[in-house]
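Q: After the sequence you'll find the predicted model.
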Amino acid sequence: MYRLNLPTFEIKITDKDGKSQIFDFLRRKYVALTPEEWVRQHFVHYLVEQKHYPKALLGNEIELRLGQKRLRCDTLLYTREMKPRMIIEYKAPTIQLQQKTFDQISVYNLLLKVDYLVISNGLHHYCCKMDYEQQKYLFLQEVPDYENL
């Protein structure tokens, strides 16, 4: 797999029917090992192990509905009251993070109205804090530690 700009962790990979799978410790199961999943697993471990985000407040592959359309957030961080607080969208390391990625996460945020939006391809990470009163957002230098949210 790809070398990422994220800390390593104890990776659990298995083979099922000739296809590699990686253990998702949030969903507590093995899932298909795609380049995007490789980024997701590294990023979620980074949030929990380095940034001290409570594992119990994170969810992967969260389904949203917009009319008849089904959307899927890669990862959501919730408040202790289970209100969405941060949306995280991942791309494979070979995919450049462009306006299209921000547009995608913005559609999710129309429904959720979270405080933070994060996108990562494992090499580059962008985090912005929403300011709904001023109708703008502020790009942060890094993803904040959980205690600073």
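A: Okay, I see it.

Q: what helix or strand is Leu26 on?
A: For Leu26, there is no enclosing helix or strand under DSSP states H and E.

Q: What about it, how many residues nearby?
A: 17 (other Cβ atoms under 10 Å). In this view, the C-beta of every residue, glycine as well, is placed from N, C-alpha and C.

Q: again, but for Leu117
A: Leu117 - counted by other Cβ under 10 Å - has 22 other residues nearby.

Q: Bridge partners for it, pull those for me.
A: Ile87, Cys128 (DSSP bridges).

Q: Run through the helices of the chain in chain order.
A: 35-49, 99-112 (DSSP state H).

Q: Among the ones you listed, single out whichever gets nearest to Asn121.
A: helix 35-49 (6.3 Å; Cβ to Cβ).

Q: how distant is stretch 71-89 from the center of its chain?
A: 8 Å (Cα atoms, centre = their mean, to the nearest Å).

Q: Distance check, Lys83 against Gly18.
A: According to Cβ to Cβ, to the nearest Å, Lys83 stands 42 Å off from Gly18.

Q: Next, format the helices of the chain as TSV and append mean pLDDT, distance to Thr79 and mean neighbour count.
A: Converted to TSV, the helices of the chain look like this (pLDDT from 0 to 100; distance: least, Cβ to Cβ, whole Å; neighbours: other Cβ atoms under 10 Å):
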stretch	mean pLDDT	distance to Thr79	mean neighbour count
helix 35-49	98	15	21
helix 99-112	90	12	14
